[in-house]
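Novice: Have a look; sequence and predicted model below, questions after that.
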Amino acid sequence: MSVAGEVMPRPGARLAIFGRETFYVAGLYARQAAIFAGLGLAIVISLDGANNSAAILSAPTEQSGLDGPLRLAFYLLLRGTYVLPSILPIGAIVGVVWAEFILAVSRERIMIANSGRSPSRSLIPALLFGLALGLLQFVAIAYLRPAAVDAQTSFHFRYYGPRYLQPVTTDAKWMRAGQAAIHARVEITGTAGLRDVLLYSFDSLGRLDAIVTAERATPGPGRDIWTFQQGSTWDLSRLGAGAGAAAMSLYVGPPAGGA
């Protein structure tokens, strides 16, 4: 159609990059991927629950604060969160192939091509879908899976090694090491250490030589070296007090008397 000798552009000849087709196809990718990932996740956690339901249901209630079916449901939720990053990539591939098959069978892909849309612009939905899935995968790996591992370890559902064990701390005790008396709580993890440390060091004549306080103490590189963290020391041999560094080392001598 022309007006005053000019050719009018056809309606819809210039298609927006982020138009209706872009969000429709990207949404179709996401929907099909979610369906497949949901089915895969349901199969995995169903098999896991069938194999471990007896142990989970018979576990002491105080370990998780939940009883019976609620504890099993919480366990399955944690397991689903843990395996989600492994299922997402497979779900993405199957979802895109499945969506393209639907578009081809329903002739919608031919309609999109006949609309005059450039084939390169038809890649925009895949790029949007890939970006969204990449962000979800990052969150699942960086935050959701570690949180699921910590929760499963805390509630004694599964064992993932000493790194993930929750610290077990005893009551405060008096101990003797060489010429030092220590009042602290023993922390039992992958590497044993001390908590809330108060150390009295004595010289060879039995006089108080130094006082050390620290939030935590761990064995150092040497046999008789302990590293004190977030602490301070008072050197009484010089009749003065000095603030210690955030982490310091102190020779406490070999344990005596089996302490």
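Specialist: Happy to help now that I have it.
Novice: Any stretches of the stretch 51-200 of the chain with poor pLDDT?
Specialist: Residue ranges of the stretch 51-200 of the chain with pLDDT under 70: 58-67, 116-118, 159-170, 188-192.
Novice: residue ranges for the strands of it, please.
Specialist: With strands called from DSSP state E, counting those that start in this stretch, the stretch 51-200 of the chain shows them at 168-177, 180-188, 193-202.
Novice: Tell me the strands beside the shortest one, with direction?
Specialist: Pointing back at strand 180-188 there. strand 168-177 (antiparallel), strand 193-202 (antiparallel) (DSSP bridges).
Novice: Adding distance to residue 151, write the ones you listed out as JSON lines.
Specialist: Quick note: C-beta positions are derived from backbone N, CA and C, even for glycine. Formatted as JSON lines, those follow (distance: least, CB to CB, whole Å):
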{"stretch": "strand 168-177", "distance to residue 151": "17"}
{"stretch": "strand 193-202", "distance to residue 151": "23"}
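Novice: would JSON lines of the ones you listed with mean neighbour count be doable?
Specialist: Formatted as JSON lines, the strands paired with strand 180-188 follow (neighbours: other CB atoms under 10 Å):
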{"stretch": "strand 168-177", "mean neighbour count": "13"}
{"stretch": "strand 193-202", "mean neighbour count": "19"}
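Novice: which residue is nearest the middle of this protein?
Specialist: By CA atoms, centre = their mean, the mean C-alpha position of the chain lies nearest to residue 146, the distance being 2.0 Å.
Novice: from what I can see residue 33 touches residue 90, true?
Specialist: No: taking contacts as CB atoms under 8 Å, residue 33 lies outside contact range of residue 90: 9.3 Å.
Novice: neighbour count winner among those two?
Specialist: For the pair residue 33 and residue 90, the greater number of neighbours falls to residue 33 (24 against 13), based on other CB atoms under 10 Å.
Novice: Helix or strand: which one has the more buried one?
Specialist: helix 20-58 (DSSP states H and E).
Novice: for residue 212, same thing?
Specialist: Using DSSP H and E, residue 212 sits in strand 208-219.
Novice: related to what we said a few turns ago, kindly reformat the strands of the stretch 51-200 of the chain as JSON lines and extend each row with distance to residue 229.
Specialist: What follows is the strands of the stretch 51-200 of the chain, written out as JSON lines (distance: least, CB to CB, whole Å):
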{"stretch": "strand 168-177", "distance to residue 229": "15"}
{"stretch": "strand 180-188", "distance to residue 229": "12"}
{"stretch": "strand 193-202", "distance to residue 229": "9"}
